[in-house]
Structure formats: C-alpha cells, structure tokens
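*Asks:* The following comprises the amino acid sequence and a computationally predicted model.
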Amino acid sequence: MPVENYEALTSETFDAYMASHNGIIICHKHLCPHCKIMGTVLDKVKAMMPELDLAAVESVEQAELLKKMDVERVPTLCAVKNGVIAARHSGVMNPMETMKWFKQA
C-alpha cells in the first residue's frame, strides 16, 4: 500500500490523531523515491505488526504541519506513543531496523 493510501493527516486532524493512535507517521513528498521505498518498508512492518497505526503527512501540502512536528526533510518517520512524538528518524531503514526503532521509541 503506497503512503498515499495511509491516513492523510492535516492541521485539522493531527491533534485528534495524536490523542487516539499509537504508530508511525511518515512525512513524505509524492515524487520522492526514498519516500516510496519507506512506504514499501512500512507495508512490510505493518504485515509483521498488524496493530501498528500508519499515517502520512505530505510535505508540500502540509508544510505548516511539518514545522509543528519539527520535521525538516523527507522521508522522516515519527513514532507516536501516548499522544506524543516519542522519536523521529530521517532517511531510509529496512523493516527490521524500523521495527527495532519503533519498539525502542
């Protein structure tokens, strides 16, 4: 499932999502090849961790939201736990690295 199919967050929906989900938000750009790779990685992670919630923030359309999230480049993953961003990671990881990063967040 490409990142475009994840729950798309906006400034209007962000706070409610944060309050009610634990998972990963990917900050991406539609034409970014590295973002597409991370989308594939997250699909594999989701298959191994079905309880994981996945959401996406498009960096051009939601530039103000990226500032609010303290994200400067894409792809950046944000681990959401208990209503806060517990960790951030910029760049590409493989599925095992992604799961380990999320669990340690």
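*Replies:* Cool, got the structure.
*Asks:* Going by C-alpha atoms from here, please, whenever you check contacts or count neighbours.
*Replies:* Fine.
*Asks:* Who are the packing partners of the longest helix along the chain?
*Replies:* Ordering each helix of the chain by length in residues (DSSP state H) puts helix 33-48 first. Judged by 3 or more Cα pairs under 8 Å, 6 or more residues apart in numbering; DSSP states H and E, the packing partners of helix 33-48 are helix 95-104.
*Asks:* Identify the residues contacting the helix it packs on?
*Replies:* 24, 41-42, 44-45, 79, 87 (Cα atoms under 8 Å, 6 or more residues apart in numbering).
*Asks:* so it versus helix 33-48, what angle?
*Replies:* 70 degrees (axes from the mean of the first three to the mean of the last three Cα atoms, to 10 degrees).
*Asks:* Return the set of buried residues in helix 95-104.
*Replies:* The neighbour-count check on helix 95-104 (16 or more other Cα atoms under 10 Å) flags 95, 98-99, 101-102 as buried.
*Asks:* Strands along the chain, start to end?
*Replies:* 7-8, 23-28, 53-58, 76-81, 84-90 (DSSP state E).
*Asks:* circling back to that earlier point, just the buried ones from the contacts of helix 95-104?
*Replies:* By neighbour count, with 16+ other Cα under 10 Å, the contacts of helix 95-104 hold 24, 41-42, 44-45, 79 as buried.
*Asks:* May I ask which two of those are separated the most?
*Replies:* The distance between the two most remote of these (Cα to Cα) is 16.4 Å, for 44 and 79.
*Asks:* Show me where the chain dips below the pLDDT cut-off.
*Replies:* 1-2 (pLDDT under 70).
*Asks:* Hmm, residue 27 is touching residue 72, no?
*Replies:* No. Contact criterion Cα atoms under 8 Å: residue 27 and residue 72 do not qualify, at 9.5 Å.
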